[in-house]
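Participant: Have a look at this prediction, sequence included:
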Amino acid sequence: MRYDVGCGLRVWCAGAGIVGLATVLCAGPASAYRPFDGTDAAVADVGELEIELQPAGLLKEGSERFLLAPVTVVNVGFVKDWELVLQGQLTTPLSSPEPTSFTDGAVLLKHVLRPGVLQDQTGPSIATEFGMLLPDTTGPSGIGASWAAIVSQRWDWGTVHFNVQTELTRDHHADVFVSTIIEGPYTWKVRPVAEVFYENEFGQFQTLSGLVGLIWQVNDKLSFDVAVREARTNGHAVSELRAGLTFGVQLWQPNSADHRPALAH
């Protein structure tokens, strides 16, 4: 399957329609996983649909430029301490006539192994995330697999999320990803954020990346983010501009035994 630009435009418009609908219906707290490559040790509440959306972003790799529009992660809390994660993006080359393609698709499950500070309890929160990587619609791409361990801890001065992830990539290479996210005090309306990660797809490439940005927590239902990322991949410069939002929609009311207050990340 190959996307043309017209298809990309239709999907982008559908995403915009979802945003508009969710803004009207929004009824649950949002969790700010954006704008990072890693994640945190928390899941959506039972019955909640949580959407992380980047309407458009810019990526530069050497002399090549790409439009990433949209980038979407959909999280559904289907049972206590578990969520289903669906993600993917449309990538359009701006420096070549290549068609728009669907990339970075995945179907994952995320589970909180140890409830902690992100679940309004004491001590670190620990989670795991695993699942299937979907083929890209261009190039030699197949099905891959991913498994990650995540630890989050919060102090008065800020929050730290540590990720270790292993993959069998879509072209069947081994890959290791290690990330550390640092957020400013969660009580601040606008908090600074940063992430450093190292990735090694063995025999293919190595990347060292740094990101800095801001998260604006409008309220418990909505947050916006903006960030810039600079990286080196096999000695080549990579630059990226990210901007997006996170919001939640209550799909169904959970049983009282499944309810647990969520904290804005």
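Facilitator: Arrived safely, thanks for sending.

Participant: can we go C-alpha only for contacts and neighbour counts from here?
Facilitator: Will do.

Participant: what ranges do the helices span in the stretch 51-200 of the chain?
Facilitator: For the stretch 51-200 of the chain, applying DSSP state H, counting those that start in this stretch gives no helices.

Participant: pLDDT below threshold where in it?
Facilitator: By pLDDT under 70, the stretch 51-200 of the chain has no low-scoring segment.

Participant: one more time with 90, if that's ok
Facilitator: Within the stretch 51-200 of the chain, the segments meeting pLDDT under 90 span 62, 138-141.

Participant: for stretch 77-88, the distance to its chain's centre please.
Facilitator: Mean C-alpha position of stretch 77-88 versus that of the full chain (CA atoms, centre = their mean, to the nearest Å) differs by 13 Å.

Participant: For that stretch, list the C-alpha coordinates in CSV.
Facilitator: Taking C-alpha atoms only, stretch 77-88 is exported to CSV below (Å, rounded to 0.1, in the frame of the first residue of the first chain):
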residue,chain,number,x,y,z
GLY,A,77,-7.3,2.5,29.0
PHE,A,78,-9.2,-0.7,28.7
VAL,A,79,-8.6,-2.3,32.1
LYS,A,80,-6.9,-1.1,35.3
ASP,A,81,-3.1,-0.5,34.7
TRP,A,82,-3.3,-1.5,31.0
GLU,A,83,-3.7,0.6,27.9
LEU,A,84,-3.7,-0.1,24.1
VAL,A,85,-1.4,2.1,22.1
LEU,A,86,-1.9,2.8,18.4
GLN,A,87,0.6,5.1,16.7
GLY,A,88,1.9,6.3,13.3
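
Participant: Identify the residues contacting that stretch?
Facilitator: With contact meaning CA atoms under 8 Å, 6 or more residues apart in numbering, stretch 77-88 is reached by 43-49, 71-76, 102-113, 258-259.

Participant: Show the backbone phi and psi for S96.
Facilitator: Backbone torsions of S96, given as degrees, to the nearest 10, read phi -150, psi 160.

Participant: are any of the contacts of stretch 77-88 buried, and which?
Facilitator: 43-49, 71-76, 102-113 (16 or more other CA atoms under 10 Å).

Participant: name the element A227 belongs to?
Facilitator: strand 222-233 (DSSP states H and E).

Participant: Mark which of the buried ones among the contacts of stretch 77-88 are part of strands, please.
Facilitator: 48-49, 71-76, 102-113 (DSSP state E).

Participant: So for the helix or strand containing R242, what gets flagged as buried?
Facilitator: For R242, the host element (DSSP H and E) is strand 236-250. Buried residues in strand 236-250, counted by 16+ other CA under 10 Å: 238-250.

Participant: same check, this time on stretch 173-180
Facilitator: For stretch 173-180, the neighbour count (16+ other CA under 10 Å) marks 174-180 as buried.

Participant: Just the C-alphas of it, formatted as CSV.
Facilitator: These are the backbone C-alpha positions of stretch 173-180, laid out as CSV (Å, rounded to 0.1, in the frame of the first residue of the first chain):
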residue,chain,number,x,y,z
HIS,A,173,17.8,-5.7,12.6
ALA,A,174,18.5,-5.6,16.3
ASP,A,175,18.0,-2.1,17.9
VAL,A,176,18.6,-0.7,21.4
PHE,A,177,17.2,2.7,22.6
VAL,A,178,18.1,4.4,25.9
SER,A,179,16.4,7.7,26.9
THR,A,180,16.3,10.0,29.9
